[in-house]
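> sequence and predicted structure, then a few things I'm wondering about:
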Amino acid sequence: MSLERQEVEKITHLARIAVGEAEMDALARSLSGILDFVEQMSAVDTQGVEPMAHPLHMAQRLRPDQVTEQDQRERFQSIAPEAEAGLYLVPKVIE
């Protein structure tokens with residue numbers, strides 16, 4: 001699929017990307033190449049291929065779910081400028 005210069009200008013405008021006149025033709029060729037590659041990949045028959053989350057067959061190493069630190073909320077809230085009912089109070093910044 002080949003993109004015309006006008007299409008690339010529209011894409012750059014919608015994406016709010018500043019592209020100089022000298023770079024516009026090179027960008028059009030690059031984007032056209034990407035779209036050609038996607039089209040080529042779409043033509044591949046993937047019937048019967050199981051989707052994968054990762055290209056390697058590996059299991060996630062999990063650590064034991066154990067508490068490693070003490071609860072220090074009371075200590076930290078005692079030095080906070082303002083705290084109430086276990087929550088930190090902060091100034092309103094959005095109206």
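Here it is on my side, so go on.
> let me see the mean pLDDT of stretch 87-95.
Averaging pLDDT along stretch 87-95 gives 90.
> ends of it, what's the gap?
End-to-end distance of stretch 87-95 (Cα to Cα, to the nearest Å): 21 Å.
> got the contact list for that stretch?
For stretch 87-95, contacts defined as Cβ atoms under 8 Å, 6 or more residues apart in numbering pick out 77, 80, 81, 82, 83. C-beta coordinates here come from the backbone N, C-alpha and C atoms, glycine included.
> among these, which two are most distant?
Within the contacts of stretch 87-95, two members stand farthest from each other by Cβ to Cβ: 77 and 81, at 10.2 Å.
> compare these two (neighbour count), which wins?
For residue 77 and residue 81, the more surrounded residue by other Cβ atoms under 10 Å is residue 77, and the numbers stand at 14 against 8.
> quick one, what contacts the more buried one?
By Cβ under 8 Å, 6+ apart, the residues touching residue 77 are 83, 86, 88.
> which helix or strand contains it?
Residue 77 is part of helix 73-78, with elements assigned from DSSP states H and E.
> buried residues in that helix, which are they?
By neighbour count with 16 or more other Cβ atoms under 10 Å, helix 73-78 contains no buried residues.
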